[in-house]
Each structure stands twice: as structure tokens, then as C-alpha cells.
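Q: give me the fold of what follows.
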Amino acid sequence: MANDKYQPKPDDRSDNVEKLQEMIHNTIDNMEEAEETMEFSDGEQRENISRKNEKRRQSLEGMREELKDEAAAQENQYE
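A: Okay, the predicted model is just below:
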């Protein structure tokens with residue numbers, strides 16, 4: 001009976017596609033801003049920015065795959 005008190009919230013994935021699109025857009029904006037900053041940076045800073053942008057590129061790949069999965073699931077009404 002104690003477990004009745006702690007029911008998990010239902011899984012609401014209805015806005016995941018929009019959230020992922022926003023995350024992708026923000027990541028791209030961050031990459032572009034970093035590229036602009038590189039013009040005024042020294043060697044070590046440029047290297048750090050370059051590494052961060054590479055990680056962002058990898059993250060973008062994952063987010064895009066997840067976006068495809070979520071869009072397909074949404075289209076199939078999460079069957």
C-alpha cells in the first residue's frame with residue numbers, strides 16, 4: 001500500500017522532437033560563436049576551442065540520430 005503513494009509520472013515524449021531541434025540549433029550557434037572567438041585567440045585557446053567544437057560535432061551526430069528516432073516514434077504514435 002505504501003507504493004501506491006509513489007506512482008511514476010507517465011512518460012510524456014510529445015515535445016521531444018521540438019526539444020531536440022532546439023538543442024541542435026543551440027549547439028550549432030555555440031560552435032559558430034566559438035569559431036568567431038578563435039580568430040582572436042592564441043594557440044592554446046584555439047586548440048581548446050577546436051577540441052570543444054569536435055565534441056559538439058559528435059554530440060550533434062547523436063542528437064540527430066535521436067531526433068530521427070523520436071520523429072519516427074511520434075509518427076507511429078509511440079507503438
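Q: for the protein, longest helix please?
A: For the chain, the longest helix by residue count, based on DSSP state H, is helix 43-75.
Q: in it, which residues are buried?
A: In terms of neighbour count (16 or more other CB atoms under 10 Å), helix 43-75 has its buried residues at 49, 53, 56, 63, 67, 70. Any C-beta I mention is one placed from the backbone N, CA and C, and that applies to glycine too.
Q: need the residue closest to the centroid of the chain.
A: Closest residue to the average C-alpha location of the chain: M23 at 4.3 Å, with CA atoms, centre = their mean.
Q: quick one: contacts for that residue?
A: Shown in contact with M23 (CB atoms under 8 Å, 6 or more residues apart in numbering): M63.
Q: that one and L60: what is the separation?
A: Distance check for M23 against L60: by CB to CB, to the nearest Å, it reads 9 Å.
Q: now do E36
A: Counting by CB to CB - E36 and L60 are separated by 18 Å.
Q: that older thread, what packs against the longest helix of the chain?
A: Secondary-structure packing of helix 43-75 (3 or more CB pairs under 8 Å, 6 or more residues apart in numbering; DSSP states H and E): helix 16-38.
Q: in the helix it packs on, what counts as buried?
A: For helix 16-38, a neighbour-count test (16+ other CB under 10 Å) marks 16-17, 20, 24, 27, 31, 34 as buried.
Q: and the angle from the longest helix of the chain to helix 16-38?
A: Using axes from the mean of the first three to the mean of the last three CA atoms, to 10 degrees, the inter-axis angle of helix 43-75 relative to helix 16-38 is 170 degrees.
Q: any regions of this protein where pLDDT drops low?
A: For the chain, the stretches flagged by pLDDT under 70 are 1-4, 79.
Q: if we go to 80?
A: Applying pLDDT under 80 to the chain picks out residues 1-4, 10-11, 78-79.
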